[in-house]
Structure formats: C-alpha cells, structure tokens
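A.B. asks: Compute the structure for the input listed below.
(3 chains)
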Amino acid sequence: MSGNAIFVPASKAPEIRANRPTEVLILLGFLAMLVGIAAVLSPAFLSASNLRDILVQAAPLCLVAMGQAFVIMVRGLDLSVGSLMATVAVLATAFDASSNLMIPVIFAACLAFAAVVGLASGLLVTERNVSPFLATLAMMIVLQGTRFAYTQGSPSGRLPDGFRVLGTGQFIGIPINVIVVVVAAVFLGLLLHRSAVGRRIVTVGGSVRAARLVGIRHKRVILLAYVISSLMSGLGGLFLVGYVGVVDNWVGRGFELDSIVAAIIGGVALSGGVGTVAGALLGALVLVVIFNIVVILGLPVEFQLIIKGFVIVFAAAIHIRRTSAR
Amino acid sequence: MSAERIMRPLSVDPTKLVVSGLLLMVCVIGAAFNERFATWTNLTNVIEQSAALGFVALGQTLVVVAGGIDLSIGALVSALSVMIGFAGQAYPEWMVAIILGTVAAGAAVGAVNAAAVILLGVHPLIVTLGTATILNGLTLIVTRQPAGSVPEWVEGFAYGRVLGFPVAGLLMFGCFVLAGFWLTQYPSGRRLPAVGGSPEAARLSGLPVRKTLVVAYALSGVGAALAAIYFVARTGTGDPLVGEPLTLASITPVVVGGTILGGGRGSVLGTLLGVFLLATLNNLLNYLGVSTFLQWVVQGLIIITAVSLHVERRRDA
Amino acid sequence: MIELSGITKRFPGVKSLDNVSFSAARGEVHALVGENGAGKSTLIKTIAGAYEPDEGAIVFDGNPVKWAGPGEAKAAGIHVIYQELILFPELSVADNIYIGQEPLNRFGFVDRRALEKGARAILTRLGHSLDPFAKLKSLTVADQQMVEIAKALVSDAKLLVLDEPTAVISGREAELLFATVRRLRDHGVCVVYISHRLEEIFALADRVTVLKDGKLVGTRDVGKISRDDLVAMMVGRPLADIYPPKRLAPSDTPVLSVCGLKAAPRLKDVSFDLRPGEILGLAGLVGSGRSETAHAIFGSLQRDAGDVILDGKLLPPGRPDQAIARGLGLLTEDRKGEGLLMNLEMSANVSAPTLQLFRKGPFVDRAAERSVAREEIARFSIAVPGPAADVKPLSGGNQQKILFARWARACRRVVILDEPTRGVDIGAKVEIYRIIHDLAASGVAILVISSELPEVLGLAGRILVMKEGRIAGELAGEQADEESIMRLATLDAAPEAA
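C.D. replies: All right, here's what the predicted structure looks like:
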C-alpha cells in the first residue's frame, strides 16, 4: 500500500511476535505499580468511590483506544477519532429529543453515522491509496468544519435524561460505562485474538502482500478495522456526552493523540500486525492513572502533558527493545 | 543533446502543474469576485500572512524528504515565541542575541528529536509527538496567556517592507530558494532524499545517515524558530497557543506540493506552491465571507484531492 | 591482497565464524561457497567493515587494518555488491554511481557535467550503454547490477565482492557479468565471488574456499578439484542423486489451461496446458515474464486479457481467494517479503490459505491448527522447535518447507512454484526436490519456475521457455538441455508464431 503507515518502510519485516500473555502481564504490573504510587500519595485513592470515578472517567478513552488499536494493527492511524466523537455528540443533540424512548434511535443513528465515516476513511485508504495519516487527518478537518458550520459555533438541542444515566449511572453497583467497556473489550478481544476475522486482520497487518497471496481479501479487512475504530469513537462520544452532560464542539479533543499513546503503551506496533486489545485497554488506564497522580500531586494540569510526552516516547522505546531483542 | 540537457532540470512533474493551475484559478476567481482581491496591497498581505506557514512547511519538507516527520513544530513555535517574549521583556537590549539564541534553540530541539529517533529507535511520529506534548506542557506552565514583549523595531520583521515587498515574505522566499538549491545541488543536501528513500542503502553506502537526520530535524527546528520570531514580531508578545494549528497546517502544503510522506522524494518548489495556494485560498475565502468552519472543510477536501491525485496506479488486483 | 587470519565473530547465541582464515590475491577470482548459514555472509561483512571481528586480524594490501565502519573499508578500496543491491531507486544512474563522492565544482556544488561524463566513461568501460540520467527504478535488475559494479570502479576498488550476483540474472546477462568479472580480474582487481551455482565457479574462479558451520573446510585450486569433491566438502558427505527419478507421461486431460494471457507491462501472450501429476518447467531469462505468468494465473496480478481454465471452469481474474478455493496455489519467489507471515507462528503460516477449514463457528481452532502443523513438521522434517514457534529465525530451507507444507495442504490440483530453492542450501534442496516429486506423484500438477537450469532440467518432464513475455518454445526428453533452453531464451524470435 503506497502511503502506508508513513516512514515505516514497507520492506522492514514486522516485529517478531512478542509473547502476548507476558506483554499484558507486564502492563498489568506497571499499572499496579502506578496505582500503588497513587495510593501512597493519597490514601483516598484506593477508596471504592474514587476507583469507580476513575474507571468512569477512563471509559471513553478505553473504548477509543481499543478501536484505534485495530487501525494501527493494519498499519494505519485514525486521527479522526476526536473529531468524530464531537460530531456524534452534536448529532445526538440535533435530535432535540426529550423522551428516553428516543435513546435507542439516537444510538442507532449515531453509530450508523460513525460507521459511514469509518467506511469513508477506509475507502480513501484502500481505494485511493491515500496514506492513513492524511485520510483520517482530512476526515478530522472535514468533520470539524461541518460540525462547526452546522452549530455555528454553539451547539444546542436537548438530550434525553437517560443519557446522563448511561454516562454516570450504575447497574448493580457497577457504573454502566464500565460495563460497556468490559463488554466491548471482551468482544473485541475475542474478535481479534480468537476469531477468523481477527486472524485475517493480524495477517494483513503483518504484510498486505503476503496476506493477499494466501487469499485474504485485504481491502475488506482494512475497511473493517476503520469501521471498528469509528464505531468505538461513536460509542465513546455518546458516553462522554452522557458523562459530561453538556455538548460542546470540542468534546473528545485530544483523544486522537491519547488513544494512539494508549495503544502504543499497550504494545500495539505502528508497523502493524502486533498488539492486543487488552494492551490498549491497559494503556488507556495507565494514562488515566498518570493524570490522576499529577492531580494528586497538586501539580498544574500542564504537567500531565509533560509526563504524557515522556511516557509515550519511552513506552514505545521499551516495546521496541522487547520485540527486537529476540 | 545539449538541448535535452537544458530541458531536463526543467521537466515539470504533473503535481506542480496541477497546483499551479489551481493557484491560477483561485487568483482568477478572486479577481473576478472581489476587486480588493487583485490589488498589490492584498498580494503583499497574502505573502506576509503566509510567511509563518512557509517557514514551518519548509522545515517539514526537509524532514519528510529525509524520511521522517515532525509533529513538534507547532509546539516548538509556541514555546519559542513565549521564550522570546519573556526574554525580550527582561533584556530588550539583548534582542539580537535573543533572536539568534532562539534559532539555536530551535535547532537544538530538532537535534534532540533526531537523537531520540536514532538512539531509541522509536518512530519519528511518536518521538515528535512526545516532544510536542512535553513542550506544550512546559510552555503552558510558564504562561497560559500571551505574555512578554519585544522592542518595537522587531515588528519591522513582520510589517516591514523592502522595495514594497514584505520583509518576512522575502526572507521566506530566500529560505526556500536556498533550501531548494541545497537539496538538489549540494552533496550534503542531496543526502536527505537518499537517506529518506533508501535508509539501508544509504547506511551501507557509507553515507552519514545519523548526521543527515540530525541536520534535517535541526533545520525544521530553525523553521519553527523563524515562524516564532515572525509571530512575536506581528503581535508584539509571546503566545503559548500560537503554534497550535501549525503542526497539521505545516503538512498540508507539503503534501499538496507533491512530497510523499514516505521520504526520498520531494520538492521544495512544490511546497512553496502549496503554501501560496493555501494562503491565497484562505485569503479568497475570507473575502468571500466564507465562515472559518467551512474553510476547514475546504482544507480537508483539498488534502484528500491532492493526495488522491498522487496515486501511483498499482498493477495488483 | 587481503588476508584474514583466525577470524571469530559471535552473535547472541551463535558463533557465526570460528577461527576462519581466508586470503585472496590481486588479479584473482576467488570463490566462496558453503551452505546457507555457513558464515559466508558474515565473512563478507567482516571484510567490508560492517562487522568487527571478536578475534583475529585482517591484513589488506600489506597493512593490518581495523575498520570502524563500511565507509572506511570502502575508502581503502573494498567494494561489496550485495544481493540486495544498495542502490537508490529514486535517483538517476549517474547519481547512484557517484553517491557519496560526487565531483564538485569550485562553488562546492555538484558538477553535473562531470557526473555525466564520468558515468558514461565507466559504463562504456564495462561494455554497457545505459542512459546516465535514467532513474534507477526503471532499469532491469541486471542493469542495476551493472550500475553497482560501475560504482565499484568509480571508487577504484581493489577488492570486489560479489554476493550471489546471478541469483537474479541468468543467461546472456550472466555471461556479460562473467566477461566483466574476467576483465576486472585481468586489470588486477581481486574478486571474491559467492555463489550456490557450482557451474559458475568452475567457469569463473581460480580458487575456491569452502565454509561450513562457521568453520573453514579448506581452500583449493579450481583446476585441481572435481565438482563432486567440492559438493562433498560443502555438505560434509558425498551426495548421491540430487534429483529424484522423472515421472512418466501423465494422463491426457489438462487440469489447467491458459490461453492468451496478457498482463502489462511484461506479459504479452502466454498459452499452455498442464496435466495432473505433471511437472512442467518454465525457464527463461529474468524479465521474460515467468513470475508474471504465475501471478496472473493465481490472481495476484491483474490480467489484461486471456483465460485461465481450471478443471474445465473459468477462473475469474484477480481473485487469489477463488484460485485457492479451487485448488490452485502459488509459492512465491520472495518468501520473506511475500510468502511467510512473519508475525504469526508456524502453525498459522501453514493454515493461512485454508483458514476456513480450521473454524469452529466464528473462532479459529488453534488446537487443530497445531496438530496439523505437527503432522507437517514430521512429514517434511522441518527443523523447528514446535508448531507455536516463530518463523523468522529459521533457515531458508526450513522456511521454504513450511511454505511447501502450506500449499501442499491447501491445493490439491495445481501448485505453481516460483524459484523453489532460491537461497536454500544443498542439503535442503535435495529434500525439497523429493517433496516436489512426491507431490506430483499424488496427482498434483506442478509448474516449476526456476532460473537454475540444472534444476529445471532435473525436475521437469517438459519445459516451456519464455522470452519477452511469450512462450518461445517447448522442449521435452532428450531435446532438453541447457544449450537448447538458452537458445530459445535468447535468440531473436523466428517467424512470429500467432
């Protein structure tokens, strides 16, 4: 694919399969360590309510990161996630509905929209050979412009109350947000690691050419990856709006960077064909815990950025060490 | 034979023709729709406004040709502008040194980017993203609002005119010409596309790959510094958010101008044309009263169109 | 000219070179042979300065040397032409020749005119006329190799190493290469020549050194050793027949019929039939369109015209998945880039084209995959730790066997093999020939594409020779020998067949 994941020469053999369970365990350990640090700094950290809050806060990022992982696995990138989240949020309020009965309709419409966007990005990449970076960048900008033009800068419209419940409510003591993330993680994990479809995704990610030569219809596989990412973004956007309670044009801002960082921390390689859903999920949690530590330490919010910057570079470096040391 | 030889360097590739054509089209439409468009004042305005974009796009071109990408440009511009602002306020008599120091700082950050890519083996996308985030954080800690000030004469850099031409525009143009020349005629410059296109071949041929990368990223940092100086000259203060749109904006003219993101192929001239096209388009859309929002849409569509046109038809099913 | 003594080089987990001593003189063609993994590549990289030996000394042109990098060795006059040519596809021929040492004018920038003149002069010296301004990627592989050699001459190479130069060229182009090598030798250049093809060594070299398992087996004068002795030295044991006995005439109804196949840019018009149990050879120069034929039939290359009929039904173009479903498989030339799935384990590599057979509902039955893989490991004697192992670190021969296992399992009607033993050492080659033979015996029709003429002749019952995108002729039985193949592959076509 010309214009493939930029700067990763197509001839570079993809990294050797890292031992998946070990990778995930290492991440888990790292996360545990971070939680430990946070607990030391602030004993209240480990309280049930705080942990619950953190998980709820992390939920949208987890969803988007998992979706992003799929796209990165097929040697792509999805820069449109944040913009899509906001556009979906705006779309949801555009219904101006107050009845909770409309919620399934809104969900269906928004997810359908997200899927179409994903399909469009994917088609740009597979049919027009546009580099994923540019295709999704362009998509991000187009969505942004359309969204702003529609709302004229200030979104309006109502959301049914049920949205807030979805975003902040609980079901047998567990936040609904979290349940959705867990269900999504299980589903996506099974999809990627156990199903035939997932096997095809991993194969295409390793080498499109080799995948074609064993009879895989690579375009469909790549399209699927982009659609999955967009659906996750759509889902994330809906839940974020429910959580925040207010729609603004910048919902989801920064998610494109954060989801990529989360995936990379989680061991998903930019060169494709390597990575786990659990890794992306844990990567997202790692980021959120780090942010919280920054807050606990009373440091200005900007420190989050600095730490995020270092984490992203070193996480990538560590993963590269691990996979090329074999 | 010699006629052929003369023609060869002029052989124009289709992308540049398309971009030039679009540029011409935009100018014609502009002139037709709005009489204020086709004036000298407006032209100089456009050139002036494209200076910052030009500096960063040039830097980005060099990095992309060398096989990388620099996503830290925007953050660097912001950081440097704040630095100039504060230093300029505290030591106005040292302004010249401060300006030189900024250029050096830009180069240094670029070198750090390159070092991380080389030593850690991490993809430039991630390294520069990391650098950008760190710089953003640092800058915002120093100040969240525009701050600092500079002596008045600095503003001449943004608003000054030499023989009717904007200083900034001339400088930008000069940089492009120098860079284009260097990239195609000087051995040290020709290494960039060699390293970008075939890094393994370059290494095995004994080319100084590491040095080349460091130079490319450092020059990108210099481009960011120049853009920062320009912004400070324009507004008189440093601004921690000024560079935000620049990162992605720096890529658009590069891509539109025909430089492929994979490295090894690229054209400074193409980027220059891209910069003018976007600046003029911007200008035109402003005159036509098109909202910023729709301008975004147009920008996105342009990227898609430009890149789709570069497609090399593949023979595979 | 150069003398290495007691060279030892270690890599994590393996001793690549163990106390190897090697010397080559000025004006000599010295061949370096050995099975894959014997250490030839490491030795070359040590000579070139890309690796530093852990022990041992190098003396070059009378002086002891210790290079810090390939740049230094190059400056001293050592030039290596690797199999993966180190060229810049986007730059021109002249740029490539002079990379790193461009002639400068007094302003410090590149003197274009001198560049062009110099390039033309060198190319003429080599007996080639290439356009110095042509972009490298537009040249054939053989021409690109010439550019590499030109590079060596420009830097005044005293020692030239050629690493399997004929792996990607053959026939007349190879002859030209040999002539060039001889010319260089007569000029006093020391040439170290690595090749798997023993005929070349006997034709070209003065002395030959054999490496095995990182150790030096011995150095002999080529005039004083026989081919069998050489093979014995390489393998460590005498080899009986390399090629299994040829099969008898297969049944009449073709399983595969190709008519008027055309695919830009190289394939012009190819038609032939293939019968079950038959081994059909496809020979021809590099660039004659053999691989394109294979890919066009399989569906990985878009056809412009022509039909492919498999078992009496048309095979739709551009659909490798359909080809596989109907029993037609392709083992590609480039196993690392296109064949193996490096990020998957061995069992997944075997099951890849037939994944749907391993499904349990929407899921993949890994246990079944692995048990099938175990069968194949046993059947083909693949040296691999287990079905869950990585494929990347395996030797060429074993990797190839995995691909054979894949396609033998997946495709029961036709298998196309493109350079099945490229980069595979002698021992594994013999095993692969047996595999091919057994496959044919079980009724699979096989099309073998190979640039190694003895291989084609040894395996195939019938040989098609391609030239410039068309079939130039067909040979069978006693008619088939190297000379007649080369004649068909190179002579200008007789009155053009329709």
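A.B. asks: Let me see the contact set for residue C:259.
C.D. replies: For residue C:259, the contacting residues are C:271, C:306, C:307, C:308, C:309, taking CB atoms under 8 Å, 6 or more residues apart in numbering or on different chains as the criterion. Where you see a C-beta, it was placed from the backbone N, CA and C, and this is true even at glycine.
A.B. asks: looking at this, it is in a strand?
C.D. replies: Yes - in this structure, residue C:259 lies within a strand as judged by DSSP: H, G, I helix; E, B strand; the rest coil.
A.B. asks: gap between it and chain B?
C.D. replies: Shown here: residue C:259 relative to chain B, a distance of 19 Å by CB to the nearest CB, to the nearest Å.
A.B. asks: my read is residue C:475 is in a helix, agree?
C.D. replies: No - going by three-state DSSP, the assignment for residue C:475 is strand, not a helix.
A.B. asks: Distance of it relative to residue C:181?
C.D. replies: Residue C:475 sits 29 Å away from residue C:181, taking CB to CB, to the nearest Å as the criterion.
A.B. asks: Which helix or which strand is home to residue B:67?
C.D. replies: Element membership for residue B:67, per DSSP states H and E: none, as it lies in no helix or strand.
A.B. asks: Next, the distance between the ends of stretch C:189-197.
C.D. replies: For stretch C:189-197, the first-to-last residue distance is 22 Å (CA to CA, to the nearest Å).
A.B. asks: what's it in contact with?
C.D. replies: By CB under 8 Å, 6+ apart, the residues outside stretch C:189-197 that reach it are C:1-2, C:24-33, C:40, C:44, C:47, C:157-167, C:181, C:184-185, C:200-201, C:204-205, C:425-426, C:452.
A.B. asks: taking these one by one, which sit in strands?
C.D. replies: In strands, defined here by DSSP state E, the members of the contacts of stretch C:189-197 are C:2, C:24, C:29, C:30, C:31, C:32, C:33, C:159, C:160, C:161, C:162, C:163.
A.B. asks: Could you export those as TSV, including pLDDT?
C.D. replies: Below are those laid out as TSV (pLDDT from 0 to 100):
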residue	pLDDT
C:2	77
C:24	86
C:29	91
C:30	91
C:31	90
C:32	88
C:33	84
C:159	88
C:160	89
C:161	90
C:162	89
C:163	84
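A.B. asks: want to try CSV for those residues, with distance to chain A and neighbour count as columns?
C.D. replies: Output for the ones in strands among the contacts of stretch C:189-197, formatted as CSV (distance: CB to the nearest CB, whole Å; neighbours: other CB atoms under 10 Å in any protein chain shown):
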residue, distance to chain A, neighbour count
C:2, 31, 23
C:24, 32, 24
C:29, 31, 25
C:30, 31, 25
C:31, 29, 26
C:32, 26, 28
C:33, 27, 25
C:159, 28, 24
C:160, 25, 23
C:161, 22, 25
C:162, 22, 29
C:163, 18, 21
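A.B. asks: Need the per-residue pLDDT for the residue lying closest to residue B:168 once chain neighbours are set aside.
C.D. replies: Closest residue to residue B:168 in three dimensions, ignoring its sequence neighbours and counting by CB to CB, 6 or more residues apart in numbering or on different chains: residue B:51, at 3.7 Å. Listed pLDDT for residue B:51 reads 88.
A.B. asks: likewise residue A:244?
C.D. replies: Residue-level pLDDT assigned to residue A:244 equals 78.
A.B. asks: Equivalent analysis for the one 10 residues further on, please.
C.D. replies: According to the predicted model, the pLDDT of residue A:254 comes to 82.
A.B. asks: Isn't it up against residue A:81?
C.D. replies: No - with contacts counted by CB atoms under 8 Å, residue A:254 stays clear of residue A:81, the gap being 10.1 Å.
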